[in-house]
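Peer 1: sharing a model that was predicted from the sequence below.
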Amino acid sequence: MRRIAYIKISLPFVLIVFLTGIIGVFAIQTVREISFNTERLYQHPYTVSNAAQSINTHLIAMHRYMKDVVLAKNTEDMVLASNMVNEHEAEALKRLRIIQEKFLGDKNKIHVLYENFMAWREIRNEVISLKKNGRHDEAADITKGTGATHVAMLSQSVEEFVEFARNKAIEFDENARKESYRSIVILVILVTLAIGISLSISIYTVFSHVRSDNEISKRTHLIDQHIMMAQLNLDGEIVDISNALCRFLEVFRSDMLNKPSNFFLPKEEIDDLAPAIWHQIRSGAQWTGEVKWITKEKIVKWLSLTILPEFNSKYNIEQYTCILQDLTSKKASLTDNLTTLGNRRQFNEIFNYQIKLAKRNNDYLTLAIIDIDFFKRYNDHYGHPAGDDALAKIGHAILACMSTAND
C-alpha cells in the first residue's frame, strides 16, 4: 500500500519532468530550425541575389567603359578604359563563382551564363583590336550593335537568377512561417498540458494535505478524549495534557499546564517512587509500574503508569511522555468485593512474581497469615450483615497499613 501511495505521488511529478524535457527539446529543435532557415536564406537567396545584382552592375560598367574605348582620342585613354573593363569583368566573374557555389537551382544555367560571358569577351577583344587598327567606325558599330545586344542578353540571364533567388526566399519565408506557427501550436499545447497537470497536482496535494490534516485532527481528538497521557518537560512539569486524563483527575486543563506533575503519583507514594522513576528515565529507559489512586469520592482506582523519554535528532532527551491506563476493572476481578483485598486469584498471579523480584533485588519478602478471633461467634450473635461490616472494616484496616502499591 505504501509503495502504491509513493507511485501515485511520484507519477505526476515524473510526468511533469517528462513534459518539461519534451518542451525543452522541442524548443531547442525549433530554435535550431529557425537558425537553419535563417542560414539558408543567407546562404542562397540573399547571397545569390546580391551576387547577381552585382554582376548586372559590373555588366553595365563594362559596357559603358567599352564605349569609352571606342570614343578614346588616344592610346592612353583607350588603355585606361580597357583596364577598367578588365577590372569589372574580373569582379563579375568572382560573383559568378559565388552563384555557382550557392545556387540551389539548375547548375546548367550557370554554365550557359559563363559561356555567354566568354562570348562577350570575344566581342570585347574584337572591338579593341579594331580600335587599335584605326577602324573606329566598325568598332563603334559592334559596340552599339552586337555588344549592346549581348550585354542585354547577359543582364536578362542574370535577372533570372535574381528572380529565382527571390522566389526561393519567399519559399523559405513561407516554410519558416509554417514551422513557426506549428512550433507555437505544439508549444502552447505542451505548456497548457504541463500547466494543467501542475494545477491538478497542486489541487490534489492541497486536498490530500487537508484530508490528512482532518485525519490527524480526528485521531488527535480521539487520543485527547480517550487516552490518559501528558507531555512533561525535563523538569517534570506538564507541557500538555489530554482531556481524558483531566477528567480522571477531576481538574481543568488550564490549571495543570506548567505545573509539577509528580508523575501523577498518589501523595503518599511520591517520596518513595519519584526518585526511582527519575533515576531510570534520565538514563533513557522507560519506567512502568502500577499505582493505587483514591478519588475525591474515596473510590479506589488502580492505574498502570508508563513514562517514556523522547529524544531529539542528537539522541538527547528533550521531554517525557506519561501514559496512564485505568486497571480498576481488571483489578476488580482480582479483589474481594467486600473487603477490597486481593483474592486467591490475585495471590496466585503475584506471589511467584514477588519472590523473583525479591531475589533479583536481594531484598526480603514478608508473608503474613492473619486469623480473626471469635468471628464465628460474632457473626452468629450479631447476624451476617454485622459480620460483613466487620470484615469490611478489617480489610480497610489492613489496607491502611500498606505504604506502597506493592505491599
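Peer 2: Ah, there it is. Since the structure is predicted, the reported quantities are computational estimates derived from the model, not experimental observations. Numbering: from 1, shown residues only.
Peer 1: how deep is the closest residue to residue 224 other than its chain neighbours tucked in, by neighbour count?
Peer 2: Once flanking residues are discounted, residue 224 sits nearest to residue 242: 4.7 Å by Cβ to Cβ, 6 or more residues apart in numbering. From N, CA and C alone the C-beta is placed, and that goes for glycine too. By other Cβ atoms under 10 Å, 21 other residues sit near residue 242.
Peer 1: identify the residues contacting residue 242.
Peer 2: 223-225, 227-230 (Cβ atoms under 8 Å, 6 or more residues apart in numbering).
Peer 1: which pair of the residues you listed spans the longest distance?
Peer 2: 225 and 230 (14.4 Å; Cβ to Cβ).
Peer 1: with neighbour numbers in mind, choose between those two.
Peer 2: Neighbour totals were compared for residue 225 and residue 230, and residue 230 leads with 23 against 11 (other Cβ under 10 Å).
Peer 1: burial measure for the residue nearest to that one when sequence neighbours are not counted, as a count.
Peer 2: Residue nearest to residue 230 in three dimensions, not counting chain neighbours: residue 241, with 4.2 Å by Cβ to Cβ, 6+ apart. Per other Cβ under 10 Å, the neighbour tally for residue 241 reads 25.
Peer 1: and the gap between residue 241 and residue 229?
Peer 2: The gap separating residue 241 from residue 229 is 8 Å, by Cβ to Cβ, to the nearest Å.
Peer 1: then residue 315?
Peer 2: In terms of Cβ to Cβ, residue 315 sits 23 Å off from residue 229.
Peer 1: wait, residue 240 touches residue 223, no?
Peer 2: No - counting by Cβ atoms under 8 Å, residue 223 is not a contact partner of residue 240; they are 11.1 Å apart.
Peer 1: from residue 220, how far off is residue 100?
Peer 2: Residue 100 is 86 Å from residue 220, by Cβ to Cβ.
Peer 1: give me the mean pLDDT for the biggest helix by length in the chain.
Peer 2: Ranked by residue count and defined by DSSP state H, the top helix of the chain is helix 148-226. For helix 148-226, mean pLDDT is 80.
Peer 1: what's in contact with the helix or strand that it is followed by?
Peer 2: Using DSSP states H and E, the next helix or strand after helix 148-226 towards the C-terminus is strand 228-232. Residues outside strand 228-232 that contact it (Cβ under 8 Å, 6+ apart): 223, 238-242, 244-245, 248, 256, 261, 264, 307, 319-326.
Peer 1: now those: which count as buried?
Peer 2: Buried subset of the contacts of strand 228-232 (neighbour count, 16 or more other Cβ atoms under 10 Å): 238, 241-242, 244-245, 248, 256, 261, 264, 307, 320, 322-324.
Peer 1: among those residues, which ones are in helices?
Peer 2: 244-245, 248, 256.
Peer 1: can you tell me which of those is closest to residue 372?
Peer 2: Distances from residue 372 to those, taken by Cβ to Cβ, are shortest for residue 248, at 35.6 Å.
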